[in-house]
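>>> Next comes the sequence, and after it the predicted model I'd like to discuss.
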Amino acid sequence: MTVADVLLLALGAVAVGAGVLVVTSAHLVRSGLYLVVSLGAMAGLYLVLGAELVAWVQILVYVGAVVVLLLFAVMLTRAPIGPSTDLDRPALPAVLIGGGAGLGLAALFADAFRWTFYAMPEPGTAERVGEQIFGGWVLPFEVLSILLLSALVGAIVLSRPDIGARAAATATEHERGA
Amino acid sequence: MEQLKLPPIDYGALLPMLILFGAACLGVLVEVVVPRRARNAVQLSLALLSVVASLVAVVLERGTRTITIGGAVAVDGPTLFLQGSILVLGGVSLMLIGERSIERGGVFVSQAAVTAGSQKDAQQAGGQPGATEVYPLSVFALGGMLLFVAANDLLTMFVALEVFSLPLYLLCALARRRRLLSQEAALKYFLLGSYASAFFLFGVAFIYGFAGGIQLSVVHEAVANPQRSQVLLYVGLGMVAIGLLFKAALAPFHVWTPDVYQGAPTPVTAFMAACTKVAAFGALLRVLYVAFEGVRWDFQPVLGGIAVLTMFVGAVLAVTQTDLKRLLAYSSIANAGYLMVGVLALNDEGLSSTMFYLVAYGFSVLAAFAIISLVRDPDGEATHLSKWAGIGRKSPLLAGIFTFILLAFAGIPLTSGFTSKFAVFGAAVEGGQTWLVIFGVITSMLLAFPYLRVVVLMWLSEPGESTPAVSIPGFLTSAVLGLGVLVTVALGVVPAPLIDLTREAAQFVR
């Protein structure tokens, strides 16, 4: 067993354990924090596998943005500090479905790959990804940026019906004034 | 640094899709530029024009057999035939969507997400002119469908699936009457559709793990000489199949169909019943025939079981329905089962008969929904069966046409329903799937009962006070009705030309 194996096993155990705690904890906020641990352990897994950029993106997007968003949502709505028992549902079906899907997938992967070993690919550093994006894929990248930008502007225009209305209102005021 | 290279692109082969996507983008701009009064006419003509232009492009490319744009799109016989049928059926559905004379302001409202029952909603349902965005949305959906049947790798297929699904989700929520039902339909379709898409994507990941690539030809080779565990292959195939079977509305993934068909505006229901079915079965045919041909004996019994289940669920539950749109939804589920029988023949005959069935069924179902959109009472369309009692006395012509269409669904000789069922069953017998045919014939007889019940109700009952009036169809709806009936008769009496066409087309490229 190499150091990498030990690290993978340990981080995997942390991720799964924290994942279990996310769904079993009665405290909403604690659930969110366990989610941080679980996702952080996943980022660790990526690091061990040499996918540096994916690991940082995982931390930035999931640990950073998504969980913070989740905690903010809790804070801004009802902010239950203590355990919220009223949110619980019957546990048995959830255990059956969740556990069944998880174990099934685990068994599937274990059976599919058994003891096959694959050589580790070249580490996915930010430099390499950057070269790909701004070299071979620069055109799709730029097109996508423009598309996202226009979608952003469109969303703002659509969600603010008052923009057009105000112009119309001032126009009528002008007419009245004249 | 790697140089920027573009894959060779055969623009001619992509032209049908490019025209539709271009026209859809243009349609969005028309919303901004053209004044409100002229918008409906401009949008309708733009949409119809683009469909016709795209159809011309398909016809011009009829000899093309190529794989282009880096292996993402395959243009071959089945692609071109299915694209052509989607365009023809889509053009006819656009005529239904464009009908504005039956209801004031058209059957669509302009805002899908306004809370149902609120004052604003009542206002927009009351008589405000409807959304003209439905045209670009439908054209986007049509473009996605064309790409879906042409996709030669699983990721392109997924993108196309989303491109045609998202506009459909939105279109479902735009019905002018019974807003809550319509919104419920859209939400249900959206949630279940996303779930099915997730299955599809997960399956693609498994297949990538198995084959080391997502192109159908790569998968085909990997299936022939497996390098990895076959478990990945079977799970991946199963999950991809779930995604596709959902869109094709096969049991047990059919649960959304009755609710969505009932809640959506009738022209959109017709559009989904005719075109989405063609697209979903087109993709299913390509995936099964091109990529997974090597494991055909493994998936055949499983999908055969699904086909039998689908036929039974559709036929038995159709008997119990009291709403005409739901009845047609269950009939469409049963028909998906018959189509699956053709698919599972797994020979060229099966491919060509399935394509024939898709066209024949599409035209009949368009005509059926066109009639439903005409029978109205003050609350909108009168889809409850009891309201249709005695309608044959009040408007014999319309009831006659509907009777004919229902008989075609039931598979009476000299209609397209008979020839198409005969074709798929014949192909299945030839492919050694006699057990499927036996179940198919049994369920056809079962399914004839609800159709005949509607016929008896229309002609032999006395019209009551609540029997609704039948609107005078506008030009567009009349054209749809005429076309539907004409094609249903023509394919029943002289099916040979279309059958020959499907036979010529029945060869995938790999």
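Ah, there it is. Numbering: from 1, shown residues only, chains lettered A, B, ... in the order given.
>>> so where is the chain shaky, pLDDT-wise?
Going with chain A. A:78-81, A:85, A:87-89, A:163-178 (pLDDT under 70).
>>> To clarify, I was referring to chain B.
Counting by pLDDT under 70, the ranges of chain B that qualify are B:1-4.
>>> ok, which stretches of it are strands?
Along chain B, counting by DSSP state E, strands occupy B:66-68, B:73-75, B:375-377, B:380-381, B:469-470.
>>> Just put those in TSV and tack on mean neighbour count.
Where C-beta positions appear, they are placed from N, C-alpha and C, glycine not excepted. Shown next, in TSV, are those (neighbours: other C-beta atoms under 10 Å in any protein chain shown):
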stretch	mean neighbour count
strand B:66-68	18
strand B:73-75	25
strand B:375-377	18
strand B:380-381	20
strand B:469-470	16
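>>> In a markdown table: these, plus distance to residue B:335.
Shown next, in a markdown table, are the strands of chain B (distance: least, C-beta to C-beta, whole Å):
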| stretch | distance to residue B:335 |
| --- | --- |
| strand B:66-68 | 31 |
| strand B:73-75 | 27 |
| strand B:375-377 | 22 |
| strand B:380-381 | 22 |
| strand B:469-470 | 26 |
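>>> wait, which of these is closest to chain A?
strand B:73-75 (16.3 Å; C-beta to the nearest C-beta).
>>> counting contacts, what elements does that closest one pack onto?
helix B:11-33, strand B:66-68, helix B:134-150 (3 or more C-beta pairs under 8 Å, 6 or more residues apart in numbering or on different chains; DSSP states H and E).
>>> any idea how chain A splits into domains?
A:3-122, A:137-178 (automatic domain parsing).
>>> How many neighbouring residues does the closest residue to residue B:215 other than its chain neighbours have?
Among residues not flanking residue B:215 along the chain, residue B:153 sits closest, at 4.5 Å (C-beta to C-beta, 6 or more residues apart in numbering or on different chains). By other C-beta atoms under 10 Å in any protein chain shown, the residues close to residue B:153 number 23.
>>> chain center to stretch B:400-410, what's the gap?
Averaging C-alpha positions (C-alpha atoms, centre = their mean, to the nearest Å) puts stretch B:400-410 20 Å from its chain's average.
>>> what does it rub up against?
B:331, B:335, B:364, B:367-368, B:371, B:392, B:415-418, B:444, B:447-448, B:451-452, B:454-455, B:458-459, B:481, B:484-485, B:488, B:492 (C-beta atoms under 8 Å, 6 or more residues apart in numbering or on different chains).
>>> out of the residues you listed, which are buried?
For these, a neighbour count by 16 or more other C-beta atoms under 10 Å in any protein chain shown gives the buried set as B:331, B:335, B:364, B:367-368, B:371, B:392, B:415-418, B:444, B:447-448, B:451, B:454-455, B:458-459, B:481, B:484-485, B:488, B:492.
>>> For residue B:115, give me its contacts.
Residues in contact with residue B:115, defined by C-beta under 8 Å, 6+ apart, are residue B:121.
>>> For chain A, see how far away the closest residue to residue B:347 other than its chain neighbours is.
Of all residues not flanking residue B:347 in the chain, residue B:431 sits nearest, at 5.0 Å (C-beta to C-beta, 6+ apart). Separation of residue B:431 from chain A (C-beta to the nearest C-beta, to the nearest Å): 31 Å.
>>> Kindly reformat the domains of chain A as CSV containing distance to chain B.
Below are these laid out as CSV (distance: least, C-beta to the nearest C-beta, whole Å):
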stretch, distance to chain B
domain A:3-122, 4
domain A:137-178, 6
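>>> export those domains to TSV and tack on mean neighbour count and distance to residue B:384?
Formatted as TSV, those follow (neighbours: other C-beta atoms under 10 Å in any protein chain shown; distance: least, C-beta to C-beta, whole Å):
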stretch	mean neighbour count	distance to residue B:384
domain A:3-122	14	36
domain A:137-178	10	37
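>>> and residue B:159, how many neighbours?
Using other C-beta under 10 Å, residue B:159 has 15 other residues around it.
>>> Likewise for the one 4 residues further on?
Using other C-beta under 10 Å, residue B:163 has 19 neighbouring residues.
>>> and the stretch 151-300 of chain B, which residues reach chain A?
B:209, B:228, B:229, B:231, B:232, B:235 (C-beta under 8 Å from any C-beta of the partner chain).
>>> ok, residue B:365 - contacts?
By C-beta under 8 Å, 6+ apart, residue B:365 lies in contact with B:270, B:273, B:274, B:328, B:332.
>>> ugh, wrong one, residue A:111
By C-beta under 8 Å, 6+ apart, the residues touching residue A:111 are B:229, B:231.
>>> ok, how many other residues are close to whichever residue of the stretch 101-250 of chain B sits closest to chain A?
Here the residue of the stretch 101-250 of chain B nearest chain A is residue B:229; by C-beta to the nearest C-beta that distance is 3.9 Å. Residues lying near residue B:229 (other C-beta under 10 Å) number 18.
>>> Skipping adjacent residues, who's closest to it in space?
residue A:112 (3.9 Å).
>>> isn't the one you found right up against residue B:234?
No: the criterion here is C-beta atoms under 8 Å, and residue A:112 misses it with residue B:234 at 10.0 Å.
>>> Tell me the secondary structure of the most centrally placed residue in chain A, please.
The C-alpha lying nearest the average C-alpha coordinate of chain A belongs to residue A:62 (C-alpha atoms, centre = their mean; 3.7 Å). Of the three states, residue A:62 takes helix under DSSP: H, G, I helix; E, B strand; the rest coil.
>>> Please, where are all the helices along chain A?
With DSSP state H as the criterion, chain A has helices at A:3-24, A:28-48, A:52-57, A:67-76, A:91-113, A:126-134, A:138-159, A:162-177.
>>> between the ones you listed, which gets nearest to residue B:505?
Closest of those to residue B:505 is helix A:138-159, at 32.9 Å (criterion: C-beta to C-beta).
>>> between that closest one and helix B:11-33, how big is the angle?
Orientation check (axes from the mean of the first three to the mean of the last three C-alpha atoms, to 10 degrees): helix A:138-159 against helix B:11-33 gives 30 degrees.
>>> Just give me how far helix A:138-159 sits from the chain centre.
21 Å.
>>> then it to CSV, C-alphas only?
Taking C-alpha atoms only, helix A:138-159 is exported to CSV below (Å, rounded to 0.1, in the frame of the first residue of the first chain):
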residue,chain,number,x,y,z
VAL,A,138,-10.3,29.3,-27.6
LEU,A,139,-13.1,29.8,-30.1
PRO,A,140,-15.7,27.8,-28.3
PHE,A,141,-14.6,29.4,-25.0
GLU,A,142,-15.1,32.9,-26.3
VAL,A,143,-18.4,32.0,-28.0
LEU,A,144,-19.6,30.6,-24.7
SER,A,145,-18.5,33.7,-22.8
ILE,A,146,-20.5,35.9,-25.1
LEU,A,147,-23.5,33.6,-24.8
LEU,A,148,-23.4,33.6,-21.0
LEU,A,149,-23.0,37.4,-21.0
SER,A,150,-26.0,37.9,-23.2
ALA,A,151,-28.0,35.4,-21.1
LEU,A,152,-27.0,37.4,-18.0
VAL,A,153,-28.1,40.7,-19.5
GLY,A,154,-31.3,39.1,-20.7
ALA,A,155,-32.1,37.7,-17.3
ILE,A,156,-31.6,41.2,-15.8
VAL,A,157,-33.9,42.8,-18.3
LEU,A,158,-36.6,40.1,-17.9
SER,A,159,-36.5,40.2,-14.1
